[in-house]
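**Student:** attaching a predicted model along with its sequence, questions to come.
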Amino acid sequence: MKFFVTAVVSVVLLAVSPVAAKQLGSFKDWSANAEGKGKSLTCWIYSEPVKDEGKYTKRGQIYSLVTHLPGEKVTNQVQFTAGYTLKKGSAVQVVIGKRKFELFTSGDSAWARNKKDDANIVRAMRSGAKMIVTGVSSRGTKTKDTYSLSGISAAHKAIGKACKVK
């Protein structure tokens, strides 16, 4: 079910034009947005890495999302998009301070295994300074993306307010 909901979120986010989405604000290195009404309301925060490393020749868009879908009773859903197809069966590693998390992968994205892990990752993100995300492409290329967590708490608070999520 989580994969289905995430796939729906990904499609919704791809379909949302900058005109349709309401920007709730830019908070240092994170942006907060909302789109839709009622049960279709979706709120998310978004950031791109401040540094990306790896021996690759071409890479698509790289980003991190935390999404609320109150109509689906989904909160704090964490997603990382690598900008390439991840190695089948591989895991993405996320390190925030001394905390380490392992995420499952499908296609070009990675997600936490359950709601508890989502909540723990978001809690660590809100209290951390930087986040390092490592993955392996379908061709065996290792990448390391470093995200600034500056502004994430304010951005997360903004989507919580917009989606009426605590």
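**Tutor:** Cool, the structure landed.

**Student:** and the helices in this structure, which stretches?
**Tutor:** With DSSP state H as the criterion, the chain has helices at 2-15, 115-127, 152-162.

**Student:** mean pLDDT for those helices: which is lowest?
**Tutor:** Mean pLDDT values for these show the minimum at helix 2-15, a mean of 44.

**Student:** how about low-confidence regions in the chain?
**Tutor:** By pLDDT under 70, the low-scoring segments of the chain are 1-19.

**Student:** can you show me the strands along it?
**Tutor:** 22-27, 30-35, 42-47, 51-54, 63-69, 74-81, 91-96, 99-106, 109-111, 130-136, 142-148 (DSSP state E).

**Student:** need the residue closest to the centroid of the chain.
**Tutor:** Note on the chain: the residue nearest the mean C-alpha position is Leu65, at 2.2 Å, using Cα atoms, centre = their mean.

**Student:** what pairs with that residue across the strands?
**Tutor:** Beta bridges link Leu65 to Tyr46, Gln79 when assigned by DSSP bridges.

**Student:** the one 4 residues further on too?
**Tutor:** Using DSSP bridges, the bridge partners assigned to Leu69 are Val74.
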